[in-house]
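S.K.: Any chance you could fold what I've pasted below:
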Amino acid sequence: MLLNVQGHEAYCYTGGKVFNPEQPTVVFIHGAQNDHSVWILQTRYFTHHGFNVLAVDLPGHGRSKGEALGSVEQMSAWLLALLDAAGVQQASLIGHSMGSLVALETCGAAKERILKLAMVGTAYPMKVSDTLLNAARDEEQTAIDMVNIWSHTSIAHKPSAPGPGFYVMGGSRRLMQRISAINPAKVFYTDFSACNAYANGEQAAQTVSCPVLFLLGKKDMMTPPKATATLTKAMPHATVSLVENCGHSLMAEQPDAVLAALYSFMRA
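M.R.: The predicted model follows:
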C-alpha cells in the first residue's frame, strides 16, 4: 500500500491482503539498514488471522521515498503521520532494534493511540561504538559485514534454517546491500546515529501504560538482554521473553518462535 506521508510516497506491506480498517491494526517497524521484508513470515500470518498489517518502510528505506530521518523522534512523528494517512486511530506496535525505539517513542508521544507495544531485540540506551559508526560512515560494506557477524549466533544455520538451502546471514547481508544500492546517502550511518543519540527512552517508558512485551535473543551481542534493564524498570508491568539459540536477527534465526510469541501477545 502506498500513502503520502509528509509530502513523500510511503510504502507499507499489508501481508498480501487488502487493508481492512474494521480489523485491529498491527504496525511492524524494521531496524537499521532494513525494510519491511524482515517481517514477511510474521506479517503474512497476522494478516490471515484477524489483523490488519502495516509493515512500513521508513523514509529512505525500501520503497519509501524521501531522505532517511536523522532522529528517533522524527521517525516517530512520521509514523503517527502515516497512521493518520491510513485512517488508523489506534494500533499496536511491533519494532525491532532501531524500530523498537521508534515504537517506544511513539507510544510515549501518543499513548492514547497505542494499544500494545512489543519491543524486539531492543536496548536503552542503544549506544553504537565509534568503530561501527565510523565504518558505517566511511566503509559501509565493512559495517554491513560487522553487523551481520555480530547479529547471528552462527554462520552456518542449516538444518535449523526455515527452508532447505536458506542462508540466514547471507540474506540479511544482501538486504543491507540493497538498501545501500537504492539509497547511496549513507543510510546506515544515519540510522546508527539516530539510535546512538536517542535520549528520551526512559521518559517515554515511564508514560507507557499499555501491555508491553520485550522479546529478546538470549545470545544477542548487539542488544544483549541485560541492556533492557532501564526500560524494564520503568515498565514493571512488561513481560520479558527470551528466545533460545538466537542473536539480534531474531526474525531470521528463530522465525517460528518470534511469530508464536508476538501472535500470542497480540491475541491476549
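S.K.: and residue 20, how many neighbours does it have?
M.R.: Using other C-beta atoms under 10 Å, residue 20 has 12 other residues around it. Using the backbone N, CA and C atoms, a C-beta is placed for each residue, glycine as well.
S.K.: And for residue 54, nearest residue in space, chain neighbours not counted?
M.R.: Among residues not flanking residue 54 along the chain, residue 12 sits closest, at 4.4 Å (C-beta to C-beta, 6 or more residues apart in numbering).
S.K.: For the one you found, grab the count of nearby residues.
M.R.: With neighbours defined by other C-beta under 10 Å, the count for residue 12 comes to 23.
S.K.: In three-state terms, how would it be classified?
M.R.: Three-state call for residue 12 (DSSP: H, G, I helix; E, B strand; the rest coil): strand.
S.K.: Kindly report the same for residue 64.
M.R.: Following three-state DSSP, residue 64 is assigned to coil.
S.K.: which ones are touching it?
M.R.: Listed by C-beta atoms under 8 Å, 6 or more residues apart in numbering, the contact partners of residue 64 are 8, 9, 10, 11, 56, 57, 58.
S.K.: Which PyMOL command selects the buried ones in those?
M.R.: Here is the PyMOL command that selects the buried residues among the contacts of residue 64 (16 or more other C-beta atoms under 10 Å):
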select buried, resi 10+11+56+57+58
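S.K.: Among the contacts of residue 64, name the ones in helices.
M.R.: Judged by DSSP state H, the contacts of residue 64 include no members of helices.
S.K.: of the contacts of residue 64, closest to residue 66?
M.R.: Set against residue 66, the nearest of the contacts of residue 64 by C-beta to C-beta is residue 8 (3.7 Å).
S.K.: Please read off the pLDDT at the closest one from the model.
M.R.: Note for residue 8: predicted pLDDT of 97.
S.K.: for the closest residue in space to it that isn't next to it in sequence, phi and psi?
M.R.: Closest residue to residue 8 apart from its sequence neighbours, by C-beta to C-beta, 6+ apart: residue 66 at 3.7 Å. Reported as degrees, to the nearest 10, the phi and psi values for residue 66 are phi 90, psi 170.
S.K.: Residue 66 against residue 57, yeah?
M.R.: No - using C-beta atoms under 8 Å, residue 66 is not in contact with residue 57; the gap is 10.5 Å.
S.K.: so where do the strands sit in the stretch 151-268 of the chain?
M.R.: Under the criterion DSSP state E, counting those that start in this stretch, strands of the stretch 151-268 of the chain are mapped to 212-217, 239-243.
S.K.: before we move on, the earlier item: got the contacts of residue 64 as JSON lines, with distance to residue 31 columns?
M.R.: As requested, the contacts of residue 64 are exported to JSON lines (distance: C-beta to C-beta, whole Å):
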{"residue": "8", "distance to residue 31": "21"}
{"residue": "9", "distance to residue 31": "22"}
{"residue": "10", "distance to residue 31": "18"}
{"residue": "11", "distance to residue 31": "17"}
{"residue": "56", "distance to residue 31": "12"}
{"residue": "57", "distance to residue 31": "12"}
{"residue": "58", "distance to residue 31": "10"}
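S.K.: Mind checking which of the contacts of residue 64 are in strands?
M.R.: 8, 9, 10, 11, 56 (DSSP state E).
S.K.: Could you measure from the first one over to residue 85?
M.R.: It stands for residue 8. In this view, residue 8 and residue 85 are 11 Å apart by C-beta to C-beta, to the nearest Å.
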